[in-house]
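Engineer: following is a predicted model, sequence given first.
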There are 6 protein chains.
Amino acid sequence: MPKMVNEFNEYRSKMNDKILADNNKVIKRIFNLDTNAYTEGALDVKTKELLGLVASAVLRCDDCVKYHLETSYKLGLTKNEVVEALSIATLVGGTIVIPHLRRAYEFWDALEDQDKN
Amino acid sequence: MPKMVNEFNEYRSKMNDKILADNNKVIKRIFNLDTNAYTEGALDVKTKELLGLVASAVLRCDDCVKYHLETSYKLGLTKNEVVEALSIATLVGGTIVIPHLRRAYEFWDALEDQDKN
Amino acid sequence: MPKMVNEFNEYRSKMNDKILADNNKVIKRIFNLDTNAYTEGALDVKTKELLGLVASAVLRCDDCVKYHLETSYKLGLTKNEVVEALSIATLVGGTIVIPHLRRAYEFWDALEDQDKN
Amino acid sequence: MPKMVNEFNEYRSKMNDKILADNNKVIKRIFNLDTNAYTEGALDVKTKELLGLVASAVLRCDDCVKYHLETSYKLGLTKNEVVEALSIATLVGGTIVIPHLRRAYEFWDALEDQDKN
Amino acid sequence: MPKMVNEFNEYRSKMNDKILADNNKVIKRIFNLDTNAYTEGALDVKTKELLGLVASAVLRCDDCVKYHLETSYKLGLTKNEVVEALSIATLVGGTIVIPHLRRAYEFWDALEDQDKN
Amino acid sequence: MPKMVNEFNEYRSKMNDKILADNNKVIKRIFNLDTNAYTEGALDVKTKELLGLVASAVLRCDDCVKYHLETSYKLGLTKNEVVEALSIATLVGGTIVIPHLRRAYEFWDALEDQDKN
């Protein structure tokens, strides 16, 4: 399963390179903002990461959820904290969020598996 | 093609077990509600199933559509009835629903194929 | 409160007239389809109306909800039936549907009040 | 402007009473869950409130945003913290979130004004 | 009716000032991008304005639609061109776009009326 | 990679045939409209294709994006023009559009590769 994490990151990073190579100003700046927005400010990075996760989950963007799960994992957020955030997403966004919850669980397991190896 | 039905159900049920094993109260109750909401009440189960199908289709949740297609099939709803419900979803939700309509047709075919074997 | 029903219908019908006067073919045909889609077919008109209502509710379109509530009311659907349909919408679409549920209740009351006068 | 807060709460509470009086089991349980989900758990109440706020903002539900703004205010979250959460919502959800940001600012001002009087 | 245009612009500009006064970097940059994205580039400004209009219409953001209608009007786009763009939005986004179409027509009329006075 | 284009078109056309064979009037007419809406009118076909592309991108429908990319490519729209349209979609729709941008880039590359062979 850790393969799942690598494949996700490789595709993501290969395509991001292609997009940024194109030098479209608007897109480049949105990519920059996407990095800056999650840095420490009035809120700490863990909270911000969870905010990004919940926003991604209710908007049902699997790739965005995976990205924020991996960052959350690296920041040391526990599974309990992540699941509690996702439970709010499921309540606010409804049962259509459940299939994304399944894939989020699968990806979190892959993150944990990768670490064990 | 019937493999499509089995694979969908196996993944769904494996991941649901993992989610429920975690004992998050909010998520567990939403799962419970999801079962209760479609039981006979002022409306009969067939109508409710079609309501769940159309809600899933306009929100463009393929897994939710598949789930409601399978239940609809088991309840004896005809293809004509299901397609008519999906036609309303396509009109209300627009042409972006069409790719989900394609996958819904494919899954319905898989359900019928499975039955023949 | 019955004023609420009249105002909604007057604005709706005045603006529809303006839109249709413009003779844009695509828009005109979508308007036509919108009438045809809810006529008796494999499914009866009451079921179809509820499908339109639930699709409108999960997509959180207040005006569409109002329109289907009024048609549901005229077709003789009971409040219990309508509320049960809306409960499925709230479960599938999540708590963000609740504000639309409040306005749906208010409009249904207005429909009942109008009838008493 | 504090009137804005009162009017919002009065309508909300009047309609919630009507909805709950109807005794639809599914809806009642979703209302209950909506209270339980934001209580202290693996995450503290302030973080959970911000998660609810961001989920509401990206899904562009003004009434949900207002509700979470008021609770955030009562919990002692600062304007800086709330705005930082909303900035993530605007980045993830795009410029279509901006009109909701305007109304969020207006409501936060109304909350502060109410407190001064 | 021209009042509708003024009121929209006054509220928009008053709240934008408040938001920008807060100096949140992410939000400020998104506001800047929002100006830059619609300037002449590989595509001319009229085409870009229509792209912004259609994106706003299918995402059902009335205030965004109004903003792009006003800019389209000022750029000299004809009603026919604007309506044709909106017809594509209605087809892609479904009948839930229709209530926004009504309000778009009303706002366009207000823009024309304002010009006559 | 050109295989990606063929596979997409084959599946699309096979399933469209099945759907149309069913003779559901509402669905058939929506399919017809989908062809008519993009023909020359007040706006030229290139502009209309870009409008369909941006509507599809902000609604995050990968298959719709692919379809409009292919037609844009055949109409002779340049990559610069298409990317500029997609940059507006990313700004209006937010960072959740980015994963769809990645897949759009991949598909555009496949279209160019196909042409070279």
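Structural biologist: In hand now; what should we look at? Residues are numbered from 1 along each chain as shown, chains lettered A, B, ... in the order given.
Engineer: up against chain E, what does chain A have?
Structural biologist: Taking C-beta under 8 Å from any C-beta of the partner chain, the part of chain A that reaches chain E is made up of A:25-26, A:29-30, A:33, A:36-37. Any C-beta I mention is one placed from the backbone N, CA and C, and that applies to glycine too.
Engineer: who's in contact with A:Thr39?
Structural biologist: A:45, A:48 (C-beta atoms under 8 Å, 6 or more residues apart in numbering or on different chains).
Engineer: switch to 7 Å and redo it
Structural biologist: Residues near A:Thr39 by C-beta atoms under 7 Å, 6 or more residues apart in numbering or on different chains: A:Val45.
Engineer: just to revisit the earlier point, can you narrow the residues of chain A next to chain E to ones near chain F?
Structural biologist: Among these, the residues lying close to chain F (C-beta under 7 Å from any C-beta of the partner chain) are A:26, A:30.
Engineer: could the residues of chain A next to chain E go into JSON lines alongside pLDDT?
Structural biologist: Below are the residues of chain A next to chain E laid out as JSON lines (pLDDT from 0 to 100):
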{"residue": "A:Lys25", "pLDDT": "97"}
{"residue": "A:Val26", "pLDDT": "98"}
{"residue": "A:Arg29", "pLDDT": "97"}
{"residue": "A:Ile30", "pLDDT": "98"}
{"residue": "A:Leu33", "pLDDT": "97"}
{"residue": "A:Asn36", "pLDDT": "93"}
{"residue": "A:Ala37", "pLDDT": "97"}
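Engineer: put the buried members of the residues of chain A next to chain E into a PyMOL selection.
Structural biologist: Paste this into PyMOL to select the buried members of these, with burial taken from 16 or more other C-beta atoms under 10 Å in any protein chain shown:
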select buried, chain A and resi 26+29+30+33+37
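Engineer: turn the residues of chain A next to chain E into CSV, columns for distance to chain C.
Structural biologist: Converted to CSV, the residues of chain A next to chain E look like this (distance: C-beta to the nearest C-beta, whole Å):
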residue, distance to chain C
A:Lys25, 34
A:Val26, 29
A:Arg29, 30
A:Ile30, 25
A:Leu33, 25
A:Asn36, 28
A:Ala37, 23
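Engineer: what pLDDT is listed against A:Asn117?
Structural biologist: A:Asn117 is assigned a predicted lDDT (pLDDT) of 70.
Engineer: neighbours of it, how many?
Structural biologist: A:Asn117 has 6 neighbouring residues, counting by other C-beta atoms under 10 Å in any protein chain shown.
Engineer: give me the distance between it and A:Ala104.
Structural biologist: Shown here: A:Asn117 relative to A:Ala104, a distance of 21 Å by C-beta to C-beta, to the nearest Å.
Engineer: how about A:Lys66?
Structural biologist: Plainly put, A:Lys66 is 8 Å away from A:Ala104 if you go by C-beta to C-beta.
Engineer: if I pick the most centrally placed residue in chain A, what's in contact with it?
Structural biologist: Closest residue to the average C-alpha location of chain A: A:His68 at 1.9 Å, with C-alpha atoms, centre = their mean. Contact analysis of A:His68 by C-beta under 7 Å, 6+ apart lists A:49, A:52-53, A:56.
Engineer: could you do A:Ile88 as well?
Structural biologist: A:54, D:37, D:48, D:51-52, D:55.
Engineer: kindly report the same for A:Arg103.
Structural biologist: A:Asp62.
Engineer: get me the contact residues on chain A for chain D.
Structural biologist: Near chain D, when you scan chain A using C-beta under 7 Å from any C-beta, you find A:33-34, A:37, A:41-43, A:47-48, A:50-52, A:54-56, A:58-59, A:78, A:80-81, A:84-85, A:87-89, A:91-93.
Engineer: ok, A:Cys61 - contacts?
Structural biologist: Counting by C-beta under 7 Å, 6+ apart, the residues that A:Cys61 touches are F:96, F:99.
Engineer: and if you look at A:Lys46?
Structural biologist: Taking C-beta under 7 Å, 6+ apart, we find A:Lys46 in contact with A:75, A:77.
Engineer: what about it, which helix or strand?
Structural biologist: Per DSSP states H and E, A:Lys46 falls inside helix A:45-58.
Engineer: A:Pro99 - nearest residue in space that isn't next to it in sequence?
Structural biologist: Closest residue in space to A:Pro99, ignoring its immediate chain neighbours: B:Asp63 at 3.8 Å, by C-beta to C-beta, 6 or more residues apart in numbering or on different chains.
Engineer: next: A:Asn80.
Structural biologist: Leaving aside its sequence neighbours, A:Asn80 sits nearest to D:Ala42 (C-beta to C-beta, 6+ apart; 3.9 Å).
Engineer: any idea how far A:Leu77 is from that neighbour?
Structural biologist: To A:Leu77, D:Ala42 is 9 Å away according to C-beta to C-beta.
Engineer: how much space between A:His68 and E:Thr47?
Structural biologist: Distance of A:His68 to E:Thr47, given as C-beta to C-beta: 35 Å.
Engineer: can you check A:Ile30 too?
Structural biologist: Separation of A:Ile30 from E:Thr47 (C-beta to C-beta) stands at 20 Å.
Engineer: now A:Asp113
Structural biologist: Taken as C-beta to C-beta, the span from A:Asp113 to E:Thr47 is 48 Å.
Engineer: that older thread, right, and the pair among the residues of chain A next to chain E with maximum separation?
Structural biologist: Largest separation among the residues of chain A next to chain E by C-beta to C-beta: A:Lys25 and A:Ala37, giving 18.2 Å.
Engineer: show me what from chain A comes close to chain C.
Structural biologist: Selection of chain A residues close to chain C by C-beta under 7 Å from any C-beta yields A:91-96.
Engineer: do a quick rundown of the helices in chain A.
Structural biologist: Taking DSSP state H, the helices of chain A run over residues A:2-21, A:25-36, A:45-58, A:62-74, A:79-93, A:98-116.
Engineer: what about the residue nearest to A:Pro99, how many residues nearby?
Structural biologist: Neighbour count for B:Asp63, taken as other C-beta under 10 Å: 17.
Engineer: residue contacts, A:Tyr73?
Structural biologist: Applying C-beta under 7 Å, 6+ apart to A:Tyr73 gives the contacts A:Leu111.
Engineer: kindly apply the preceding question to A:Leu43 instead.
Structural biologist: A:Leu43 sits next to D:81, D:84-85 when contact means C-beta under 7 Å, 6+ apart.
Engineer: ok, the nearest residue to the residue nearest to the centre of chain A once chain neighbours are set aside - contacts?
Structural biologist: Nearest non-adjacent residue to A:His68, counting by C-beta to C-beta, 6+ apart: A:Leu53, 3.9 Å away. With contact taken as C-beta under 7 Å, 6+ apart, A:Leu53 is in contact with A:65, A:68-69, A:72, A:85.
Engineer: and which of those residues is nearest to D:Met4?
Structural biologist: Comparing the contacts of A:Leu53 against D:Met4 with C-beta to C-beta places A:Ala85 closest, at 30.1 Å.
Engineer: low-confidence ranges, chain A, go.
Structural biologist: Applying pLDDT under 70 to chain A picks out residues A:1-2.
Engineer: for A:Lys28, see how far away A:Leu20 is.
Structural biologist: 6 Å.
Engineer: for stretch A:36-51, C-alpha coordinates in PDB please.
Structural biologist: Listed next in PDB are the C-alpha coordinates belonging to stretch A:36-51 (Å, rounded to 0.1, in the frame of the first residue of the first chain):
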ATOM      1  CA  ASN A  36       2.000  30.400   2.100                       C
ATOM      2  CA  ALA A  37      -1.500  30.000   3.400                       C
ATOM      3  CA  TYR A  38      -0.700  27.100   5.600                       C
ATOM      4  CA  THR A  39       2.300  28.600   7.400                       C
ATOM      5  CA  GLU A  40       2.200  29.700  11.100                       C
ATOM      6  CA  GLY A  41       0.200  32.900  11.700                       C
ATOM      7  CA  ALA A  42      -2.600  33.700  14.200                       C
ATOM      8  CA  LEU A  43      -3.400  30.000  13.900                       C
ATOM      9  CA  ASP A  44      -0.700  27.200  14.300                       C
ATOM     10  CA  VAL A  45       0.200  25.000  11.400                       C
ATOM     11  CA  LYS A  46      -1.700  21.900  12.700                       C
ATOM     12  CA  THR A  47      -5.000  23.800  12.900                       C
ATOM     13  CA  LYS A  48      -4.500  25.300   9.500                       C
ATOM     14  CA  GLU A  49      -3.700  21.800   8.000                       C
ATOM     15  CA  LEU A  50      -7.000  20.500   9.500                       C
ATOM     16  CA  LEU A  51      -8.800  23.500   8.000                       C
END
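Engineer: thanks again, I'm all set now.
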